[in-house]
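In: below: sequence and its predicted model.
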Amino acid sequence: MTDLKKLSLLKTSSYINGQWQQGKADLAVVNPANEQTITHIVNAGITQTEQAVLAAQQALPAWRAKSANERSKLLRRWFELMMENQDELATILTLEQGKPLAEAKGEIAYGAAFIEWFAEEGKRIYGDVIPAPSADKRILVLKQPVGVVAAITPWNFPNAMISRKAAAALGAGCTFVVRPATQTPLSALAMAELAERAGIPAGVFNVVVGSDARAMGKVLTQHPAVAKFTFTGSTEVGKTLIAQCATTVKKVSMELGGNAPFIVFDDADIDAAVTGAIASKYRNAGQTCVCTNRIFVQDGAYDAFCAKFIAAVKQLKIADGMQDGSQIGPLITRSALDDVHKLVTDSVQRGAKIALGGDVDKAGHNFYQATVMTDVTNDMPIAKNEIFGPVSPIIRFSDEAEVIKQANDTDVGLAAYFYARDIGRIFRVAEALEYGMIGINEGLISNAAAPFGGVKQSGSGREGSHYGLDDYLEIKYLCLGGIGAKT
């Protein structure tokens, strides 16, 4: 067992205006692997959320006034501290979220990469000089920080989902308030501790933890001091939050649900496709918005792919994320597992077959077996819904036009993947798929240099890359008149 007393980054209350809040710690944080309480958090509410917003508002002028280089140095130090404390951050993450420790370490590095990226990219916020319509005018365009940014982040990536928002906001000159998921608040609070150690001023980065999601969400979406709101989570919740933001016409960016197709064409490298599908599907026990959700395999590759894929899935080790060699950890809660199992059983009743798995694993109540389903059709529950679990439904198809139609037959469009070698097909399919991100002969596509985001009901805006600053900036147009020729 991990000795919690040795975790210097384990904090148990909200971080507002550079202060750790006092109060009764009665909000339990539970390890999903064994369902035991890790610690208790001071449960914040509306008052603390409003205090966090006001703290960010008060800190904004001084933070915005700093040079891009000054902000860059502070962000760079935050990045360095994240990497210096990677092991402890990963341990905290695995304890509260459940993913294997090796994956948790990878998430810490991934999240820190956004802080490093925007530490540099914030120095490259360029304006424009536009040729004027007459000789006595000059047209200038400035880009300025939008202001106070509020965020709500999910439990599946409790470090990276914060860092890629906060880093862009701070790099652009904005201040930041985040409400992390109550299942996984410890990673956010550990980030706040490191931000303080890095020298990021009080009020610039605030974390407020509380169980009253509805009330706290209304503050963050409707408070007039908040200029920008950003959310990662389900499409259903995202729609509600967008509607709430409309009352004050806030700038909004959303990273919502997905239903990612993974297409294997006849000409694909089957071994590479199997490796890519395993990486995309079973990472974080299938609990990612860009996870493969439906695997489409063309007739000529179907038998070979299924045989190799099932053999590879059988080798995956399901265990507590703190155990050596663990590859699939628990689902976040029993209710989450029940939702996954219902999708499986409802689809079996409609004709799908279980080729592997299909039930709760012996590792514990929240562990679901690595599952493969065949004879699946695109209208079954397991294909129509975002699974968020370690289940792979395989669908047979015949031709390119057919699979593109089926892949696009969803109201979301976050990520898609396909394996092929014909260069013409690669361009046709990539351009025809209605998704914001496409992995071509690659199952892992996320990185700080690339624009992360979706189309349709998967949201709006992009995170990461140089495009990731756009949602945290306002464009200001200056028209200088009276610049006539000197006589």
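Out: Arrived safely, thanks for sending. Numbering: from 1, shown residues only.
In: what residues of stretch 106-126 count as buried?
Out: Residues 106-119, 121-122, 125 are the ones in stretch 106-126 that count as buried (16 or more other Cβ atoms under 10 Å). Bear in mind the C-beta positions are built from the backbone N, C-alpha and C, glycine included.
In: got it, and stretch 320-337?
Out: So for stretch 320-337, counting by 16+ other Cβ under 10 Å, buried means 320-322, 326-333, 336-337.
In: same thing with stretch 263-278?
Out: For stretch 263-278, by 16+ other Cβ under 10 Å, it's Ile263, Val264, Phe265, Asp266, Ala268, Ile270, Ala273, Val274, Gly276, Ala277, Ile278.
In: so which of these belong to strands?
Out: Ile263, Val264 (DSSP state E).
In: and the furthest pair within the buried residues of stretch 263-278?
Out: Asp266 and Ile278 (20.4 Å; Cβ to Cβ).
In: which of the buried residues of stretch 106-126 fall in strands?
Out: In strands, defined here by DSSP E, there are no members of those.
In: among the residues you listed, which ones are in helices?
Out: If you go by DSSP state H, those have 106-119, 121 in helices.
In: next, the closest residue to Asn408 other than its chain neighbours: secondary structure please.
Out: Excluding its sequence neighbours, the residue lying closest to Asn408 (Cβ to Cβ, 6 or more residues apart in numbering) is Glu434, at 4.7 Å. Following DSSP: H, G, I helix; E, B strand; the rest coil, Glu434 is assigned to coil.
In: these two touch, right, Glu434 and Gln406?
Out: No - assessed by Cβ atoms under 8 Å, Glu434 is found out of contact with Gln406, at 11.9 Å.
In: the more surrounded of those two?
Out: Using other Cβ atoms under 10 Å, the more surrounded residue of Glu434 and Gln406 is Gln406, with 19 against 16.
In: go through the buried residues of stretch 320-337 and say which is closest to Gly453.
Out: Closest to Gly453, out of all of the buried residues of stretch 320-337 and judged by Cβ to Cβ, is Ile332, at 23.5 Å.
In: can you list contacts of stretch 354-363?
Out: With Cβ atoms under 8 Å, 6 or more residues apart in numbering as the test, stretch 354-363 has contacts from 306, 310, 313-314, 318-320, 330, 337, 341, 344, 348, 367-374, 390-391, 394.
In: among those residues, which lie within helices?
Out: Cys306, Ile310, Val313, Lys314, Leu337, His341, Val344, Val348.
In: for the fourth one, report the pLDDT, please.
Out: At Lys314, the predicted lDDT confidence score is 98.
In: so Ser187 sits in a helix?
Out: Yes - assessed by three-state DSSP, Ser187 belongs to a helix.
In: that one touches Asn156, doesn't it?
Out: No - if you go by Cβ under 8 Å, Ser187 and Asn156 don't touch, sitting 11.3 Å apart.
In: higher neighbour count, the two?
Out: Taking neighbours as other Cβ under 10 Å, Ser187 and Asn156 compare with Ser187 leading, 32 against 25.
In: not counting sequence-adjacent ones, nearest residue to that one?
Out: Pro158 (3.9 Å).
In: the one you found - how many residues pack around it?
Out: Neighbours of Pro158 using other Cβ under 10 Å come to 27.
In: so how far is stretch 190-203 from its chain's centroid?
Out: Centroid displacement of stretch 190-203 relative to its chain, using Cα atoms, centre = their mean, to the nearest Å, is 22 Å.
In: go on, stretch 367-376?
Out: With Cα atoms, centre = their mean, you get 24 Å for stretch 367-376.
In: now it: average pLDDT?
Out: 98.
In: now the helices for the chain?
Out: 46-65, 68-84, 86-97, 101-121, 160-172, 186-198, 213-222, 235-245, 270-282, 299-314, 334-349, 381-384, 400-407, 423-432.
In: wait, Ala367 sits on Ile332?
Out: Small correction: residue 367 is Phe, not Ala. No - Phe367 lies out of contact with Ile332 (Cβ under 8 Å); the separation is 11.5 Å.
In: residues in contact with the most centrally placed residue in the chain?
Out: In the chain, the residue lying closest to the centroid (Cα atoms, centre = their mean) is Met161, at 4.4 Å. Met161 sits next to Thr153, Pro154, Thr232 when contact means Cβ under 8 Å, 6+ apart.
In: between those, which sits nearest Lys99?
Out: For those, the nearest to Lys99 is Pro154 (13.1 Å; Cβ to Cβ).
In: so that closest one makes contact with Gly233?
Out: Yes - using Cβ under 8 Å, Pro154 is in contact with Gly233, at 5.0 Å.
In: now Gln57: how far from Val403?
Out: As judged by Cβ to Cβ, to the nearest Å, Gln57 and Val403 stand 50 Å apart.
In: which of the two has more neighbours?
Out: Legend: neighbour count by other Cβ under 10 Å for Gln57 and Val403, higher for Val403 (25 against 19).
In: any idea how many residues pack against the nearest residue to that one once chain neighbours are set aside?
Out: Leaving out its chain neighbours, the residue that sits closest to Val403 by Cβ to Cβ, 6+ apart is Phe397, at 4.4 Å. By other Cβ under 10 Å, the residues close to Phe397 number 21.
In: residues contacting Phe397?
Out: Going by Cβ under 8 Å, 6+ apart, the list of residues near Phe397 reads Phe296, Val297, Gln298, Asp299, Val403, Gln406.
In: any idea what the third one is bridged to?
Out: Think Gln298. Phe397 (DSSP bridges).
In: can you pull the contacts of it?
Out: Val264, Phe265, Asp266, Arg396, Phe397, Ser398, Asp399, Val403.
In: the last one reaches Ile263, doesn't it?
Out: Yes - Val403 lies in contact with Ile263 (Cβ under 8 Å); the separation is 5.6 Å.
In: joint contacts of those two?
Out: Phe296.
In: quick check: neighbours shared by Ser187 and Asn156?
Out: Gln97.
In: can you pull out the low-pLDDT segments for the stretch 1-150 of the chain?
Out: Low-confidence segments of the stretch 1-150 of the chain (pLDDT under 70): 1.
In: redo that, cut-off 90
Out: 1-6 (pLDDT under 90).
In: quick one, phi psi at Tyr126?
Out: When read as degrees, to the nearest 10, the backbone of Tyr126 gives phi -100, psi 140.
In: which residues touch the residue nearest to it when sequence neighbours are not counted?
Out: For Tyr126, ignoring the flanking residues on the chain, the nearest one in space by Cβ to Cβ, 6+ apart is Lys143 at 7.4 Å. Lys143 makes contacts with Ile125, Tyr126, Gly127, Leu473, Glu474, Ile475, Lys476, as judged by Cβ under 8 Å, 6+ apart.
In: my guess is the first one meets Ala168, correct?
Out: Put plainly, it is Ile125. No - here Ile125 does not reach Ala168: they are 11.0 Å apart, not a contact under Cβ under 8 Å.
In: which neighbours do the two share?
Out: Contacts common to Ile125 and Ala168, judged by Cβ under 8 Å, 6+ apart, are Leu469.
In: domains for the protein, by residue range?
Out: The chain breaks down by automatic domain parsing into domains covering 4-256+458-476, 260-440.
In: how about those domains in JSON lines, adding distance to Ala448?
Out: JSON lines is the format used below for these (distance: least, Cβ to Cβ, whole Å):
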{"stretch": "domain 4-256+458-476", "distance to Ala448": "4"}
{"stretch": "domain 260-440", "distance to Ala448": "14"}
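In: quick one: closest of those to Ala450.
Out: The nearest among those, by Cβ to Cβ, is domain 4-256+458-476 at 5.5 Å.
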